[in-house]
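Visitor: structure of the sequence below:
(chains A and B)
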Amino acid sequence: MSSAYRDPILEFKDVGFMYNRGKKFISNLNLKVGNGEIIGLLGANGSGKSTILKLAGGILRPSEGLITLWGKPLRLYKNKDRAKLLCYLPQILDINVPFRVKELVGMGLYPYEVTPEMGVDEALEIVGLKGKAESYIKNLSGGEMRRTFIAMTLLQGAGLFLLDEPLSNLDIKYQIEILKLLKDLKEQKSISIIMALHDINMALQFEKVMLIKDGKILGIGIPDSVLTKDLLRIAFDVSIDIRRHDSERAYISYENSII
Amino acid sequence: MIFIMSLFIGPRVMIPFALSDLEKEIILSIRLPRVLIAALMGMALGASGALLQGLLKNPLADPYILGISSGASLSAALGIISGLYLFGKFTIPLMAFIGATFVSAVVGILGWRRGGLWPERLLLAGIGLSFLFNAALMLIMSVSTDEGLRRAVLWIFGDLSIADWSLIPYGFVFIITGLLISILRAKALNALILGDEIAHSLGFSVYRERFILFVSIALMTSASVAMGGIIGFIGLLIPHIVRFLVGADSRILLPASALCGGGFLCIADLIGKSVMAPMEIPSGIVTAIIGSPYFLYLLRRKDVLGI
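Guide: Purely as a prediction, here's the structure:
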């Protein structure tokens, strides 16, 4: 794809946001997301992860500053045009209507007048749900449900995925499955992903993480530089450290035994 | 099929190919308008039930939950006991339609917040208003001695016997408009069922789509109540039955619910006017008596929708 594109696809410039009449929730936020980049967005509950993703998705409008997508202000895009460039998946996927997998995945084509090349079957194959096309959504496991929605967003054809805690409430097996799938998508289709997380161990697996607290960025970069004892203490208000055995991956450790 | 059957079967069965003048007259001026009204009402209720269940994300929603019907009843009852019959035979339908539209607007206003309609607010506003209007209706009925009220009560339970041609053009326009709008916006409804954020992500303007769908529900329900009163079951259970049979995709569900609703009300009306002739059983009762067992049968028999 357009790997030659060097400018950020998504950029926050001095973005501020406040919920109705509340005090400023996010202020002076600056952020650049490059093509094919995966960013893990880490912070405590209520730190502003979802708000940042919703701002990026155009679901919320910034009260100050500017958000641009491919260099053009986000708010100037028509709904359908924006939908072809970015997609947003909320944390909770609660569908109480008996859609079948193929019906739900097919909704990814709604922004298009003319059906693009990829079809429902291909999208299901990519996420590994080929045999489940006729199943009801409700009968899927949590991991399959996530993958169904990811198949939908694949059909949507957007180059930027905004995922709000896609790993929450999943067993570790499915968490790894989803992460692998997203990594493949990044590598094969150079899709950029911003993903909210609250598991520090998971964040340690990312190439790039962004740590936030009260709507402000504490640090952004590789985990080694961002997930430090001091910053984590500020972000989560608890004393934890990152340890590493020789060449193994890092993991978190609590300063004192808890129980 | 159902439509044609309903024309020729009734308290008096007629042979389509050997009609006397009297029979032609009966068919043209009594049965045909009645069948048309039943079909239109059934379509409106089936489709708006399916719409509303999706819009409110609540399987228990039926078109009357928005309070439209109780507003219509109250307004019609007021029209009757005022004794003025201002608009002749149009009094009941017209008053009902005014009441229904007024309540739709009030529910819409109460359900409106921060630039859009909120499903939970709509639902609660509708329920609150229903209680208020029903209480007012009961009050009127308990203190009034007006003879016309008996008619009002009958009408409230779904009375197609006053059907004649005069109402059909109006009903047709409102119901078909609402139906077309909703079918054209079926994709948006599908997306809204997945949640506002996903609908937004798929490129829909959430508030606008929800407003359009609400208006089409209000149009169809108001017109249906004005034409023949309140008929239960169809709006609530026809969409479920149709979902059992054709699935949940609104692009199929909406037209299919309209067709099944229309067909079903024709049959119910046919049965209601035939089995105990010359007495009539109100259609609202027949729909529930024959519809509910079928619904329960489907629920038992099928591995329904993965529940």
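Visitor: pull up the gap between residue A:76 and residue A:172, please.
Guide: 42 Å (C-beta to C-beta, to the nearest Å). Glycine gets a C-beta too; all of them are placed from N, C-alpha and C.
Visitor: helix/strand/coil for the closest residue to chain A within the stretch 1-150 of chain B?
Guide: The stretch 1-150 of chain B approaches chain A most closely through residue B:57 (6.5 Å), counting by C-beta to the nearest C-beta. Three-state assignment for residue B:57 (DSSP: H, G, I helix; E, B strand; the rest coil): coil.
Visitor: what sits against it?
Guide: Under the criterion of C-beta atoms under 8 Å, 6 or more residues apart in numbering or on different chains, the neighbours of residue B:57 are A:96-97, B:119, B:193.
Visitor: filter those down to just the buried residues.
Guide: A:97, B:119, B:193 (16 or more other C-beta atoms under 10 Å in any protein chain shown).
Visitor: dump the residue contacts of the residue nearest to the spatial centre of chain B.
Guide: For chain B, the residue sitting closest to the mean C-alpha position, by C-alpha atoms, centre = their mean, is residue B:45 at 3.3 Å. Residue B:45 makes contacts with B:63, B:220-221, B:224, B:231, B:234-235, B:238, B:261, B:265, as judged by C-beta under 8 Å, 6+ apart.
Visitor: next, format those residues as CSV and append secondary structure, distance to chain A and pLDDT.
Guide: Compiled in CSV, the contacts of residue B:45 are given as follows (DSSP: H, G, I helix; E, B strand; the rest coil; distance: C-beta to the nearest C-beta, whole Å; pLDDT from 0 to 100):
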residue, secondary structure, distance to chain A, pLDDT
B:63, helix, 18, 86
B:220, helix, 20, 93
B:221, helix, 21, 91
B:224, helix, 24, 90
B:231, coil, 25, 87
B:234, helix, 19, 90
B:235, helix, 17, 90
B:238, helix, 16, 91
B:261, helix, 19, 94
B:265, helix, 25, 92
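Visitor: selection in ChimeraX covering whichever of those residues are buried, please.
Guide: Restricted to buried positions by 16+ other C-beta under 10 Å, the ChimeraX selection for the contacts of residue B:45 reads:
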select /B:63,220,221,224,231,234,235,238,261,265
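Visitor: what's the burial count for the one residue in the stretch 151-259 of chain A that gets nearest to chain B?
Guide: Nearest residue of the stretch 151-259 of chain A to chain B (C-beta to the nearest C-beta) works out as residue A:156 at 6.9 Å. Residues lying near residue A:156 (other C-beta atoms under 10 Å in any protein chain shown) number 26.
Visitor: ditto for the one 5 residues further on
Guide: Other residues within reach of residue A:161, judged by other C-beta under 10 Å, total 24.
Visitor: which residues does the helix or strand harbouring it contact?
Guide: In the assignment (DSSP states H and E), residue A:161 maps to strand A:160-163. Residues outside strand A:160-163 that contact it (C-beta under 8 Å, 6+ apart): A:9-10, A:33, A:53, A:56-57, A:69, A:85-89, A:153, A:182, A:185, A:191-196.
Visitor: ok, back up a step: could you look up the SS state of the residue nearest to the centre of chain B?
Guide: helix.
Visitor: could you pull out the helices for the stretch 151-259 of chain A?
Guide: Under the criterion DSSP state H, counting those that start in this stretch, the stretch 151-259 of chain A carries helices at the ranges A:172-189, A:200-203, A:223-226, A:229-236.
Visitor: out of these, which is the most enclosed?
Guide: helix A:200-203 (a mean of 18; mean count of other C-beta atoms under 10 Å in any protein chain shown).
Visitor: and it, how far from the chain's centre?
Guide: 14 Å (C-alpha atoms, centre = their mean, to the nearest Å).
Visitor: tell me which parts of chain A are close to chain B?
Guide: Applying C-beta under 8 Å from any C-beta of the partner chain, we find that chain A lies next to chain B at A:20, A:54, A:57-59, A:79-84, A:86-90, A:93-100, A:103-104, A:107-108, A:110-111, A:135-139, A:149, A:153, A:156.
Visitor: filter the residues you listed to the buried ones?
Guide: Buried among the residues of chain A next to chain B (16+ other C-beta under 10 Å): A:54, A:57-59, A:79, A:82-84, A:86-90, A:93, A:95, A:97-100, A:103-104, A:107-108, A:110-111, A:135-137, A:139, A:149, A:153, A:156.
Visitor: from the residues you listed, which land in strands?
Guide: Of those, the ones assigned to strands by DSSP state E are A:86-89.
Visitor: pLDDT for the residues you listed - can I get that in TSV?
Guide: Output for these, formatted as TSV (pLDDT from 0 to 100):
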residue	pLDDT
A:86	94
A:87	94
A:88	96
A:89	95
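Visitor: so residue B:174 is in contact with residue B:223, correct?
Guide: Yes. Counting by C-beta atoms under 8 Å, residue B:223 is a contact partner of residue B:174 at 3.6 Å.
Visitor: okay, these two: which has more neighbours?
Guide: Neighbour count, other C-beta under 10 Å: between residue B:174 and residue B:223, residue B:223 has more, with 28 against 24.
Visitor: give the other helices and strands that the host helix or strand of that one contacts.
Guide: Applying DSSP H and E as the criterion places residue B:223 in helix B:206-228. Helix B:206-228 sits against helix B:32-55, helix B:68-81, helix B:91-110, strand B:116-117, helix B:168-184, helix B:186-193, helix B:196-201, with contacts defined as 3 or more C-beta pairs under 8 Å, 6 or more residues apart in numbering or on different chains; DSSP states H and E.
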